[in-house]
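what would the 3D arrangement of this be:
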Amino acid sequence: GINQSHPPHSIKQQKQNKSFSLQLNKSSLAIQVAAIVATINEHPALAITGALTGENNYSEDLSSLLIQAGIVGFVYFIVAPPLIMNWMRTRWYKRNLVEMYFQFMFTFLFFPGLLVWAPFLNFRKLPRDPSMKNPWSVPKDPSKIKGGYLKYPFAQPEDYTVD
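Reported below is the predicted structural model:
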């Protein structure tokens, strides 16, 4: 009968498979050798940049570097934080999820600048009593304030006196 475990063309296929795997092994070996040579022999890359000779082809002047750092620092600490704080103040109750994400992202990115500005920017509502000078002041007559001004429920005017 016919031997089904080894058809007549299987020997040819086995030779092709062996040669194919040998080619794969050779190419993978070549890639590994090239990687090792590239890491060991790094001097040609240094010669192109001029690091071996002490010359730097891409040297940047110190004054231009300081000017660029000053511009970035000015924008980071002076310009951006008030804009971000005002954006959050105006859109706090109207924002959607994406806008909230961007507000929190900018808060994270510009946090040092926001800390610099935080003591000087006050977005609390002004008092409704004209006798109160500051938002943290105590009203002279709380019963005259529209909408009420209660430290706690059922507070009496005597509770608002400053000792």
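
report the rounded mean pLDDT for stretch 76-85.
On average, the pLDDT along stretch 76-85 is 94.

what comes up buried for it?
77, 80-81, 84-85 (16 or more other C-beta atoms under 10 Å). For every residue, glycine as well, the C-beta is placed using N, CA and C.

now what about that stretch, what contacts it?
Identification of contacts with stretch 76-85 by C-beta atoms under 8 Å, 6 or more residues apart in numbering yields 103, 106-107, 110, 112-114, 116-117, 121, 123.

what of stretch 99-115?
So stretch 99-115 is in contact with 76-78, 80-81, 84-85, 87-88, 91, 95, going by C-beta under 8 Å, 6+ apart.

which one of the contacts of stretch 76-85 is nearest to residue 70?
Of all those, residue 113 has the smallest distance to residue 70: 14.6 Å, by C-beta to C-beta.

can you tell me the element that closest one falls in?
Element membership for residue 113, per DSSP states H and E: helix 111-117.

which residues of this protein score low on pLDDT?
Counting by pLDDT under 70, the chain contains low-confidence ranges at 1-24, 40-59, 124-131, 135, 142-163.

which parts of it are helices?
Using DSSP state H, the helices found in the chain span residues 10-40, 43-49, 62-74, 80-91, 97-109, 111-117.
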